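> Kindly return the folded structure for what I paste below:
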Amino acid sequence: MNIILLLSRLIRALWAYIKLLILIKRYERRNVSISDIFQMNVAKHPDKTAIISETQSWTFRQLDQFANRIADIFHSHGYKKGDVIALMLENRVEFVGIWLGLSKLGIITALINTNLKERSLVHSITVAKCLALIYGEDFEETVESVATEISAKLYQFNNGINKAVRNSAEDLTNLMNSSTHVTSQPSTIQHPNHHDKLMYIYTSGTTGLPKAAVISHSRYVELTSMSL
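Numbering: from 1, shown residues only. Take a look at the predicted model:
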């Protein structure tokens, strides 16, 4: 390769990395959270595609409206900054919308491996001191089998409205359907900080009980920025 071309590429890469470091430092100085960064993108590109799954495609506006309804529901149910809520849901756009909505309240989301059952599932919920568990209808039987062993409040997310849920669980889909909150963030909450915890990501638990890695808002910014 031509030495001049190689040097040119190295210089461009170095400059891009320097700009990235400047951006990350700016976010830290401004105490920016993940939801703050997301709102910037909603304002800039409301109708641009934000997330795509195998069967769904949502714009920034659609994702924001879903996340706001999540924030509105759990805020009205008394959850607040620093609380931990577990999420057990398959890969779909709502998965992102749920933890993003919880992050608007400063709630930490424990992302539960969907393969976990029985003792490993109970451990993952209890070790993080989760106050609630949000789970998809496909995991109803799995959750049902451990419901008496956990103290977390249950929220079942169904694929459609007016589907049956276990007696002790809230029907999150119906709650979502009745919520009309569309503003960017409830005005009465305590704003999450740049270095606050955002989520827990668990190991698979194949060689023992699952262990949680802590991802803060700042760490998430670094990880996602590096991948751009």
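> and the closest residue to A50 other than its chain neighbours, what does it touch?
Counting by Cβ to Cβ, 6 or more residues apart in numbering, the nearest residue to A50 once its immediate chain neighbours are dropped is F60, at 4.3 Å. For every residue, glycine as well, the C-beta is placed using N, CA and C. Listed by Cβ atoms under 8 Å, 6 or more residues apart in numbering, the contact partners of F60 are F38, N41, V42, H45, P46, D47, K48, A50.
> and with 10 Å instead?
Going by Cβ atoms under 10 Å, 6 or more residues apart in numbering, F60 touches 38-51.
> Just the buried subset of the residues you listed, please.
Using 16 or more other Cβ atoms under 10 Å as the burial test, the contacts of F60 include F38, Q39, V42, A50, I51 as buried.
> Would you indicate which residues of the lowest-mean-pLDDT helix or strand in the chain are buried?
The weakest-scoring helix or strand in the chain, judged by mean pLDDT, DSSP states H and E, is helix 3-29 (a mean of 73). Under the neighbour-count criterion of 16+ other Cβ under 10 Å, helix 3-29 has I24, Y27 buried.
> what packs against that helix?
The contact analysis (3 or more Cβ pairs under 10 Å, 6 or more residues apart in numbering; DSSP states H and E) places helix 3-29 against helix 34-44, helix 217-226.
> and the buried ones among the contacts of F60, which two are the farthest apart?
Pairwise distances across those peak at 15.4 Å for Q39 and I51 (criterion: Cβ to Cβ).
> where are the low-confidence patches of this protein?
1, 15, 17, 20, 23, 167, 179-188, 204-207, 225-228 (pLDDT under 70).
> OK, contacts around the residue sitting nearest the centre point of the chain?
Centroid-nearest residue in the chain: W99, 2.3 Å away (criterion: Cα atoms, centre = their mean). Applying Cβ under 10 Å, 6+ apart to W99 gives the contacts 34, 67, 70, 85, 87, 89, 107-111, 134, 198-199.
> I only care about those that end up buried; give me the ChimeraX line for that.
Only the buried entries of these go into this ChimeraX selection, using 16+ other Cβ under 10 Å:
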select :34,67,70,85,87,89,107,108,109,110,111,134,198,199
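> just the contacts of W99 now: which is nearest S124?
After measuring the contacts of W99 against S124 - Cβ to Cβ - the closest member comes out as A110, at 6.9 Å.
> before we move on, what SS does that closest one have?
strand (DSSP: H, G, I helix; E, B strand; the rest coil).
> could you give the angle of the least confident helix or strand of the chain to helix 34-44?
110 degrees (axes from the mean of the first three to the mean of the last three Cα atoms, to 10 degrees).
> Quick one: the strands in this structure, in order.
49-52, 57-59, 84-88, 108-111, 132-136, 153-157, 169-171, 197-202, 212-216 (DSSP state E).
> Who are the contact partners of the closest residue to V165 other than its chain neighbours?
Spatial nearest neighbour of V165, chain neighbours left out: Q156 (4.3 Å); criterion: Cβ to Cβ, 6+ apart. Applying Cβ under 10 Å, 6+ apart to Q156 gives the contacts 133-137, 139-140, 143, 163-166, 169-174.
> Many thanks, we can stop here.
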